[in-house]
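[1] Just to be clear, the model below is a prediction. Sequence and coordinates:
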Amino acid sequence: MEALANRNIVLGVTGSIAAYKAAVLTRRLVEAGANVQVVMTDAARRFITPMTLAALSGHPVRDSLWDEAAELAMGHIELARWADLIVIAPATADTLARLAAGRADDLLATLCLASHADVLAAPAMNHVMWAHPATRANVETLGARGVRFVGPAEGELAERETGAGRMVEPEAIRDAVVAYFEDVPADGVLAGRQVVITAGPTREALDPVRFITNHSSGRMGYALAAACAGAGARVTLVSGPTTLEAPPGVERIDVQSAADMHAAVMEVIGQADIFIGAAAVADYRPATTAADKIKKADGDSQLALTRTRDIIADVARDHPRVFTLGFAAETTDMEASTRAKRERKGLSMIAGNVVGPEHAFGREDNALFVVWDGGERSLAQASKAALAEQLVALVAEGVRPIDATSER
């Protein structure tokens, strides 16, 4: 099944008699080409052994937030970022209640909160529990948040009763996973790539009340995140303060200052193939930040500023394997300034645009001048979503084939 080839699936197994079916589901997903990492709750271990699921998945089973070896590297966060989809099968009434409440007191619940991957749940419980108003409310809440459900089926239950609550068969769950990924491009121009994108403004605090910022809306960066995800890439979006929603399937990391954004990028760039610096990062920050609100005083006041770190230049210098796309917002001599900026920062590609009274930040459209090694292209005025699609196509042409990339 090509839809599951090289897809990363976290399989959450919880405490139900139906947990034995997780062994068959693991095998079916692996047979279809998926990479499966099993996460078990304590209760699940009473129904099926971790050794069984480890043997079938080919990976050690994770079952604790207190695994010192794994958590030294923030293992639950790495697993959250790794997942393309989280499948919970079986999903007990207790599990649904805890997810609806936003609990984070075990590995599986924490993983669901920490990941931007979608969740597919296969409920399994007594038919009275499934029909209970509390369970119905939890299912409605989770559904409104985007959790998908497969089942439950009607049939004989563990208590020798009959009704709705039986977990659907592993093959039905596998088919639901396939159907999910058939809506996600597996053969897009960036399939198999990992992309890190920055977007939005930064805020540099003067005191607890005031800050220095700019007019960036973040729309271009968010449009690029959507376009890259649509092209099959796994996308991490490092975003300054905006009112925008992250595109589906995109992992979002929220930051405030230029220093925050630099740190967040450097934490994730090691696994990236492409870095797109679309954020309007402050070039300067206050040399000191007042602990209390600065009071108004007679006369003028001076503000000392210090340079911030140049995020995209640092990526280009320290990670030469990563394809870098930067942006240049210029008020004069846009084309010449854009070319010079690419050379100065050592970028793979740059997109320049004019800003000013007639080309304000926050517009829904733009025009770009794109420069790369050995080529230039003007992209006519269009929506930022359309421009993002064109930029992704240009980036895809410039990125080395996957089998030619060096080992990470």
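    Structure received.

[2] Tell me which residues touch residue 287, please.
    Taking CB atoms under 8 Å, 6 or more residues apart in numbering as the criterion, residue 287 is in contact with 304, 305, 306. Bear in mind the C-beta positions are built from the backbone N, C-alpha and C, glycine included.

[3] Next one: the spatially most central residue of the chain relative to residue 11, how far apart?
    Residue closest to the mean C-alpha point of the chain, counted by CA atoms, centre = their mean, is residue 251 at 1.3 Å. According to CB to CB, to the nearest Å, residue 251 stands 19 Å off from residue 11.

[4] next one: residue 278
    35 Å.

[5] Closest one to residue 42 out of the contacts of residue 287, please.
    Checking those against residue 42 by CB to CB gives residue 306 as the nearest, at 50.3 Å.

[6] Does that closest one touch residue 285 like I think?
    Yes - counting by CB atoms under 8 Å, residue 306 touches residue 285, with 6.2 Å between them.

[7] Against which helices or strands is whichever strand or helix holds residue 316 packed?
    Assigned by DSSP states H and E, residue 316 belongs to helix 311-318. Judged by 3 or more CB pairs under 8 Å, 6 or more residues apart in numbering; DSSP states H and E, helix 311-318 is in contact with helix 258-268, strand 274-277, strand 323-330, helix 334-345.

[8] And the closest residue to residue 222 other than its chain neighbours, how far from residue 157?
    In space, and not counting its chain neighbours, residue 222 is closest to residue 244: 5.0 Å by CB to CB, 6 or more residues apart in numbering. Residue 244 is 45 Å from residue 157, where distance means CB to CB.

[9] go on, residue 329?
    Residue 329 is 62 Å from residue 157, by CB to CB.

[10] same question, residue 278
    Taken as CB to CB, the span from residue 278 to residue 157 is 52 Å.

[11] quick one: contacts for residue 131?
    163, 164.

[12] Kindly report the same for residue 199.
    Per CB under 8 Å, 6+ apart, neighbours of residue 199: 218, 220-222, 224-225, 237-240, 242, 278-279.

[13] Quick one, grab the pLDDT at the nearest residue to it once chain neighbours are set aside.
    Excluding its sequence neighbours, the residue lying closest to residue 199 (CB to CB, 6+ apart) is residue 221, at 2.3 Å. Residue 221 carries a pLDDT score of 94 in this model.

[14] Could you do the one 4 residues further on as well?
    According to the model's per-residue confidence, residue 225 sits at a pLDDT of 93.

[15] what's downstream of the lowest-mean-pLDDT helix or strand in the chain, the next helix or strand?
    Least confident helix or strand of the chain, by mean pLDDT, DSSP states H and E, is helix 68-71 with a mean of 55. Next along the chain after helix 68-71, taking DSSP H and E as the criterion, comes helix 75-82.

[16] For whichever helix or strand comes after that next one, which strands pair with it and how are they oriented?
    Going down the chain from helix 75-82, the next helix or strand is strand 85-91, by DSSP H and E. According to DSSP bridges, strand 85-91 forms sheet pairs with strand 8-13 (parallel), strand 118-123 (parallel).

[17] what does whichever helix or strand comes after strand 85-91 rub up against?
    Downstream of strand 85-91, the next assigned helix or strand under DSSP H and E is helix 93-101. The contact list for helix 93-101 (CB under 8 Å, 6+ apart) reads 12, 14-15, 41, 88, 105, 108-109, 112, 119, 121, 123, 125, 129-130, 132, 134-135, 137-139, 141-142, 147.

[18] and those residues, which are buried?
    12, 14-15, 41, 88, 108-109, 112, 119, 121, 123, 125, 129-130, 135, 138-139, 141-142, 147 (16 or more other CB atoms under 10 Å).

[19] Give me the subset of the residues you listed lying in strands.
    Among the buried ones among the contacts of helix 93-101, the members found in strands (DSSP state E) are 12, 88, 119, 121, 123.

[20] what's across from the first one in the sheet?
    When you say that, I think you mean residue 12. residue 39, residue 88.

[21] got a list of what residue 105 touches?
    With CB under 8 Å, 6+ apart, residue 105 has these contacts: residue 98.
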